[in-house]
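Novice: how would this look folded up:
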Amino acid sequence: MHWQIYFYSLLVLFIFGFFGWLISLVRNNVTHVDSMWSLFFVLAALTTAAFVLFAVPVNARLTLVLTCVVIWALRLFIYLTIRNWGPHEDARYVQIRQNNQPHFWLKSIYIIFGLQAVLAWVISVSLHAAISAINPLNWLDYVGLALFVVGLIWETIADLQLSRFKINPNNKGMVLNAGLWRYSRHPNYFGECCVWWAFYLFALASGAWWAIVSPTLMTLLLLKISGVGLLESTIVERRPAYADYIKNTNAFVPGLPKD
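Specialist: Numbers count the residues shown, from 1 in each chain. Alright, predicted model coming up:
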């Protein structure tokens, strides 16, 4: 992989994050950064592809990885945009805003938008490695494609089930424990994790074993930082029934209920 191309993508991501920050000043709301998250990876992948195509013809892995990234990113972008649509700021960001006063409007350029740009840049290393490679597809690519399809379908179904559950007023204060949510407390995050390990398999197929930092960091985020750990830190206080759900249902990897 040409490392200078990788660093060019950081500049592109910073520019995108800067425009997201400008929008937040107009809206007085930073929630749209959630929708931007998957687009950071599309921009990183497209930046690498643009430079690579100046030197080599289109190859099968470049096409495969770009297609997968765009499909994954658009699905997540549409879902999060619909979910967060409206003038009100997400409670997570309201808390961050309160904890970083005064002048959060200025601090948010690095606390929110800059941080996400850097995280996306680091995590995208597997995409850069796979897209930059010129060797033919091999069996690891096909395993990666299969894992990608499973992960994408899994998280899509999980998100649809959760959305339908939330829009039903009769479910207020209740816990979703049916469908995929019967086998895992966070099936959407499990699907997302599968997608990123699939991207790593594309990189590994090209010889970039060191790109393991990408799925490892994403798994850490999903489990400990912005995913499972964050969501479950206060949920029992808001939904007492969740305590029993924790006892009987795996947190991440799907498995049969314990009861």
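Novice: From the rest of the structure, what touches the one helix or strand residue 245 maps to?
Specialist: Under the criterion of DSSP states H and E, residue 245 resides in helix 242-248. Contact partners of helix 242-248, identified using Cβ atoms under 8 Å, 6 or more residues apart in numbering, comprise 175, 177, 185, 232, 235-236, 257-259. C-beta: built from backbone N, CA, C; applies to glycine.
Novice: Against which helices or strands is the helix ranked longest in the chain packed?
Specialist: As assigned by DSSP state H, the longest helix anywhere in the chain is helix 139-167. Applying 3 or more Cβ pairs under 8 Å, 6 or more residues apart in numbering; DSSP states H and E, one finds that helix 139-167 contacts helix 60-84, helix 187-205.
Novice: Out of those helices, which gets nearest to residue 33?
Specialist: helix 60-84 (9.8 Å; Cβ to Cβ).
Novice: and whichever helix or strand comes after that closest one, average pLDDT?
Specialist: Using DSSP H and E, the next helix or strand after helix 60-84 towards the C-terminus is helix 91-99. For helix 91-99, mean pLDDT rounds to 90.
Novice: just how off-centre is helix 91-99 within its chain?
Specialist: 20 Å (Cα atoms, centre = their mean, to the nearest Å).
Novice: Same check on stretch 223-230?
Specialist: For stretch 223-230, the distance to the chain centre is 12 Å (Cα atoms, centre = their mean).
Novice: same thing with stretch 53-64?
Specialist: 25 Å.
Novice: Residue 237: neighbour count?
Specialist: Neighbour count of residue 237, defined by other Cβ atoms under 10 Å: 8.
Novice: which SSE is it in?
Specialist: Short version: residue 237 belongs to helix 235-238, going by DSSP H and E.
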